[in-house]
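Peer 1: I would like to see how this sequence folds:
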Amino acid sequence: MITAYLGLGTNMGDRAGNLADARKLLDGNLMDIMSVSHVYVSEPWGFDSDHDFLNQVIEVRTKTDAFDLLDIVQEAENKMGRTRMLTAYSDRVIDIDILFYGDEIISSKPLIIPHPLLHKRMFVLQPMADLAPGFVHPVFNRTIAELMEECKDPPLTRFPL
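Peer 2: Numbering: from 1, shown residues only. Okay, here's the model as predicted:
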């Protein structure tokens, strides 16, 4: 079994419900959710929108390899109605990113782990710090807490659930 961290984000429809639905689709689908961060509100990153995001990180244990995990994640996104646009960033019902897969470093066409921009995104770092502030980023050799201190994004507000 390997521990992986997944980032969940949504800014369309019932955002809190979307996060819950994503967790239900993922839990037990060749992985078990071990812990769940608080939910945070963030402004869209990399594009303009009137709709704020809700973001969360979940810790999962899985026997699947990283590429099979990617297939499971994308299948869950598709089941929830995720449509992929030609532009990199847009409003979305759900976005599920593999942030870390153990301490592995993968750089291939369909998958880059650790997620290449997570160190620049407070909406990933802050919920990740809820779960594993001492986790060491295998590329930067810095803890999540250290990366949070260096991140230029402002701290986020918790979403009341």
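
Peer 1: what's the next secondary structure element after whichever strand or helix holds residue 20?
Peer 2: In this assignment (DSSP states H and E), residue 20 forms part of helix 15-26. Counting by DSSP H and E, the next helix or strand C-terminal to helix 15-26 is strand 31-36.

Peer 1: Tell me what residue 42 is bridged to.
Peer 2: residue 53 (DSSP bridges).

Peer 1: Actually, residue 96.
Peer 2: residue 8.

Peer 1: In this protein, which residue sits furthest out from the middle?
Peer 2: Taking Cα atoms, centre = their mean, the residue of the chain most remote from its mean C-alpha position is residue 50, at 21.2 Å.

Peer 1: so where do the helices sit in this structure?
Peer 2: Shown for the chain, the helices assigned by DSSP state H span residues 15-26, 66-79, 122-131, 144-150.

Peer 1: Can you say which of those helices is packed in most?
Peer 2: Stretch with highest mean neighbour count among the helices of the chain: helix 122-131 (a mean of 23; mean count of other Cβ atoms under 10 Å). Bear in mind the C-beta positions are built from the backbone N, C-alpha and C, glycine included.

Peer 1: residues in contact with it?
Peer 2: With Cβ atoms under 8 Å, 6 or more residues apart in numbering as the test, helix 122-131 has contacts from 5, 7, 9, 35-40, 42, 45, 53, 55-57, 59, 97, 99, 115, 118-119, 135, 144-145, 147-148, 151, 153-156.

Peer 1: hmm, back to that, outside of the helix holding residue 20, which residues touch it?
Peer 2: Residues from elsewhere that reach helix 15-26 (Cβ under 8 Å, 6+ apart): 6, 8, 10, 12, 33, 36, 39, 53-54, 56, 58, 60, 72-73, 76, 79-80, 93-94, 96, 159, 161.

Peer 1: Mind giving me the PyMOL select for those residues, buried ones only?
Peer 2: Those of the contacts of helix 15-26 that count as buried under 16 or more other Cβ atoms under 10 Å are selected in PyMOL with:
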select buried, resi 6+8+10+12+36+39+53+54+56+58+60+72+73+76+80+93+94+96+159
